[in-house]
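>>> sequence? don't have it. structure:
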């Protein structure tokens, strides 16, 4: 029996026990996990260093290494995030709809666990904890399949989770990690219909496309982040500069950092050189359209490919546009329906942008870096869904639930 099938069976069996778990039992288990991670911090960091050394040796980019890297501060942040999930309201059992039939039947629709959630993801070991804490809180089991780049870190973290669950009322088998990271185990997970209820890919566009094309299990798409800021003609210079710099620089390796900057042509003539200079001062490599490169030396000429590239690092594409309509059309052509921002003082342009850009989250006069489960009050997030069915945007607890209809009668039969 393969590792994938074996762990699929274990997770499925555990999901039935998870569906009966009380809020108190789930919260206690999460508290144990938070405590165990801090207790095992030294071991986790040792294992994480193995992944970092491996990544350096195989030539991984600094952006990817940053995603893999753990330190005491990040582990403390992970432990804190578990506490935030613990404090959130348990959605299981919430009544979504209720009615009384004419014949007296009492009909209620309630939130219930999905069952077994699969996660396939790249690099970030923090996803291991986010996925585990959110699925446990919602009464689900989870099967985790990380990448080889964070293999040692993920094994160490799941070891801590299992030690914590053994102290709790929840089954240890509710959290499973596929330790074999070859492509065959991924393909097997794509078609694990007998044991898996939904599969969530989190990583590069290549990974997501592969899962969508090959999976027979239902998939929730968490798309890549080719995000934009559009600086409109009425934008305040200082505000525009601060938003652009924050959206690009605050953490460039994540999906809600911007990859493209669109600037209204007249605004650029007055302020563009200063904005470009500030990006360059922060070591941002700039691919710009021909009109900009003709005016400013030291920039690289953008190609068609650059408009659709998620750089995940200190690189940005910059393009001039005539108006908000052109900006919207460009974003809807090249964007990934993730997070898009407009900086403007014009109410009509603001409304046009917010209503017509196709994205999970749209911003007016604010950085795209806020598209995050923590910032939106969801606690940890399992991903940012860029699809339009079931869940969209940062996925918190509610996104990991399904529904069941409960019908109570007094002997009614249908004629």
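Structure's in. What do you need? Bear in mind the structure is a predicted one, so any value in this text is a computation, not a measurement. Numbers count the residues shown, from 1 in each chain.
>>> Now do the contacts for the closest residue to residue 125 other than its chain neighbours.
On the basis of Cβ to Cβ, 6 or more residues apart in numbering, the spatially nearest residue to residue 125 that is not a chain neighbour turns out to be residue 153, at 3.8 Å. Placement of C-beta: from N, CA and C, glycine included. For residue 153, the contacting residues are 44, 47, 48, 51, 68, 70, 125, 128, by Cβ atoms under 8 Å, 6 or more residues apart in numbering.
>>> distance of the fourth one from residue 234?
In this structure, residue 51 and residue 234 are 47 Å apart, going by Cβ to Cβ, to the nearest Å.
>>> one step back: kindly reformat the contacts of residue 153 as a markdown table containing pLDDT and neighbour count.
Compiled in a markdown table, the contacts of residue 153 are given as follows (pLDDT from 0 to 100; neighbours: other Cβ atoms under 10 Å):
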| residue | pLDDT | neighbour count |
| --- | --- | --- |
| 44 | 98 | 23 |
| 47 | 98 | 21 |
| 48 | 98 | 23 |
| 51 | 97 | 25 |
| 68 | 95 | 22 |
| 70 | 97 | 24 |
| 125 | 95 | 31 |
| 128 | 96 | 26 |
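>>> quick one: which of the residues you listed is nearest residue 199?
Of all the contacts of residue 153, the one with the least separation from residue 199 (Cβ to Cβ) is residue 128, at 16.0 Å.
>>> tell me which element the closest one is part of?
In this assignment (DSSP states H and E), residue 128 forms part of helix 126-137.
>>> Within the sheet, what are the partner strands of the helix or strand following that helix, with directions?
Moving toward the C-terminus from helix 126-137, the first helix or strand encountered (DSSP H and E) is strand 141-145. In the sheet containing strand 141-145, its partner strands are strand 116-121 (parallel), strand 175-177 (parallel), by DSSP bridges.
>>> Any chance you could list what contacts strand 141-145?
When contacts are defined by Cβ under 8 Å, 6+ apart, strand 141-145 is touched by residues 7-8, 11-12, 14-15, 18, 115-121, 128, 131-132, 135-136, 154, 158, 173-178, 181, 185-186, 189, 192, 195-196.
>>> What's the ChimeraX syntax to select whichever of the residues you listed are buried?
One line in ChimeraX is enough to select the buried members of these, burial here meaning 16 or more other Cβ atoms under 10 Å:
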select :7,8,11,12,14,15,18,115,116,117,118,119,120,121,128,131,132,135,136,154,158,173,174,175,176,177,178,185,186,189,192,195,196
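>>> Confirm the residue nearest to residue 125 sits in a helix?
Yes. Residue assignment for residue 153, taken from DSSP: H, G, I helix; E, B strand; the rest coil, places it within a helix.
>>> Let me know the distance separating it from residue 119.
Per Cβ to Cβ, residue 153 is found 15 Å from residue 119.
>>> got the contact list for stretch 396-407?
Contacts of stretch 396-407 with the rest of the structure, by Cβ under 8 Å, 6+ apart, involve 85, 88-92, 96, 105-115, 117, 134-135, 137-138, 140, 220, 373, 376, 378-382, 385, 390-391.
>>> Poorly predicted segments of the protein, please.
Across the chain, residues meeting the criterion (pLDDT under 70) sit at 379.
>>> Phi, psi for residue 394 please.
Reported as degrees, to the nearest 10, the phi and psi values for residue 394 are phi -60, psi 130.
>>> residue ranges of the helices in the stretch 101-250 of the chain, please?
In the stretch 101-250 of the chain, the segments counted as helices under DSSP state H, counting those that start in this stretch are 126-137, 151-165, 183-190, 205-214, 237-249.
>>> mind checking how far the third one is from the chain centre?
By that I understand helix 183-190. Counting by Cα atoms, centre = their mean, to the nearest Å, helix 183-190 is centred 21 Å from the centre of its parent chain.
>>> same deal with stretch 254-266?
Stretch 254-266 sits 20 Å away from the centroid of its parent chain (Cα atoms, centre = their mean).
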